[in-house]
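Trainee: Task: produce atomic coordinates for the following.
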Amino acid sequence: MNGCLRRAKECIYWPGMDAEIREYVSRCSTCRSVDVKQLKESLISHTFPLRPWAKVGTDIFHFQDYEYLMTVDYYSSFVEDDCLENVTSKEVIKCLKRHFSRNSLSFPGIGRFNIPSQAHTFPNPMIIEILQLNEGLQSSPLQRLTGRRTKTRLPTTTSLLRPEIHDESEAIRRQKLKQAHYYNQGSKDLQQLKPTQIVRIQPSGQHKTWRKAMVTKQVGIRSYEVETEGGTYLRRNRRQLRATTEDHNTSTADPPVTRKQSDAVTKSIPTTESIIAQPKPQLQQKPTTTRSGRTARPPKYLKDYVTK
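Mentor: Take a look at the predicted model:
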């Protein structure tokens, strides 16, 4: 966009030129297919639960040729890892039933079981976030989950093993506010999309360019369902969708040129030899006289220039 405006300003101008060039470039299919990524949006933190296992988060990650299911308690940050025999909904549900039977039922849950092909590799981003969240707290995740310390091989007095409730909710809230403060630096909230609005989908996997699609509906916070030109329905985050002013199912490519049209255009374009062979027109200048009637002649070093 800036390059087009800069080059246009160097050679031409008309009223409203910037607005017209911006409008034309915004509808260019080639330019829109090679756009850069959008800025990240501001962080939306989860609400802090009031008890252990009231809210859990789950994710699937890959480590040393095996797939693992990680379950995290949002209250205590306690982590449960399970090795999956196969990445299916039935296997994930079986693992979660074991955890809920030992602890308690949780609602709601945050997970991503339906896309095992995009499983994270170790180290998992969720693990890194949990480790950062536990910095500065006075108790471990197990202490916040069970309300006591566990007996280990290290020498421990009996008084430290007695049950004790550790309420770290206020400290965790401060950690979340601090995390959001640093994350939101350089972020920008994008406008909400509407149904039937035309967008471009950020490249991923085998697709190297931004594909054109149409918004069908909003399915969650910053989450939209879109329909591509091929009829495929996809669900994408708002950051992965760039709004555009293009028309759906249309192409801005030039129409095919026939052989006759190509020959006519070729004949109408003058060649370099014909331009050089053409004689240059001689400019006739009227002689200039002074007040006394003497003819003024320009200096010889100006013979190659047109003087007034």
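Trainee: C-alpha only now, for contacts and for neighbours.
Mentor: Noted.
Trainee: Helices of the chain, residue ranges please.
Mentor: Here the chain has its helices, by DSSP state H, at 2-11, 17-26, 29-32, 89-102, 125-133, 141-146, 169-183, 259-268, 272-277.
Trainee: Show the low-confidence segments of the stretch 201-308 of the chain, by residue range.
Mentor: 248-287, 304-308 (pLDDT under 70).
Trainee: burial count for the spatially closest residue to Tyr183 that is not a sequence neighbour?
Mentor: Ranked by C-alpha to C-alpha, 6 or more residues apart in numbering and with sequence neighbours excluded, the top spatial neighbour of Tyr183 is Leu43, at 6.8 Å. Using other C-alpha atoms under 10 Å, Leu43 is surrounded by 16 other residues.
Trainee: Would you enumerate the residues in contact with Leu43?
Mentor: Neighbour list for Leu43: Ala180, Tyr183, Asn184 [criterion: C-alpha atoms under 8 Å, 6 or more residues apart in numbering].
Trainee: And it, how far from Pro203?
Mentor: As defined by C-alpha to C-alpha, to the nearest Å, Leu43 lies at a distance of 23 Å from Pro203.
Trainee: do the same with Lys300
Mentor: Lys300 is 65 Å from Pro203, by C-alpha to C-alpha.
Trainee: neighbour-wise, which of those two wins?
Mentor: Ranked by neighbour count (other C-alpha under 10 Å), Lys300 and Pro203 place Pro203 first, with 17 against 7.
Trainee: so the more buried one makes contact with Arg211?
Mentor: Yes: counting by C-alpha atoms under 8 Å, Arg211 is a contact partner of Pro203 at 7.4 Å.
Trainee: Can you check which residues contact both of the two?
Mentor: Counting by C-alpha under 8 Å, 6+ apart, nothing touches both Pro203 and Arg211.
Trainee: Just the local confidence number for the residue nearest to Tyr183, please.
Mentor: On the pLDDT scale, Leu43 is placed at 88.
Trainee: Next, it: phi, psi?
Mentor: Leu43 has phi and psi values of phi -70, psi 130 when expressed as degrees, to the nearest 10.
Trainee: follow-up on the earlier one: wait, which of the helices of the chain is closest to Pro49?
Mentor: Nearest to Pro49, of all the helices of the chain, is helix 169-183, at 8.8 Å by C-alpha to C-alpha.
Trainee: tell me the domain ranges of the protein?
Mentor: 2-38+191-243, 56-145+166-183 (automatic domain parsing).
Trainee: Any chance of CSV for these, columns distance to Gly293?
Mentor: Output for those, formatted as CSV (distance: least, C-alpha to C-alpha, whole Å):
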stretch, distance to Gly293
domain 2-38+191-243, 43
domain 56-145+166-183, 83
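Trainee: Pick out the shakiest of these, pLDDT-wise.
Mentor: Among those, domain 56-145+166-183 scores lowest, at a mean of 75.
Trainee: and Leu241, what is it in contact with?
Mentor: Val199, Arg200, Ile201, Gln202.
Trainee: so how far is stretch 89-98 off the chain centroid?
Mentor: Distance of stretch 89-98 from its chain centroid, counting by C-alpha atoms, centre = their mean, to the nearest Å, is 32 Å.
Trainee: what's the burial count for the residue lying closest to Ser169 once chain neighbours are set aside?
Mentor: For Ser169, ignoring the flanking residues on the chain, the nearest one in space by C-alpha to C-alpha, 6+ apart is Phe48 at 7.6 Å. Number of residues near Phe48 (other C-alpha under 10 Å) recorded here: 15.
Trainee: go on, Glu23?
Mentor: When neighbours are counted by other C-alpha under 10 Å, Glu23 comes out with 13.
Trainee: One more: the one 3 residues further on?
Mentor: In terms of burial, Ser26 registers 16 neighbours under the definition other C-alpha under 10 Å.
Trainee: what does the one 5 residues further on give?
Mentor: By the measure other C-alpha under 10 Å, the count of residues near Cys31 is 12.
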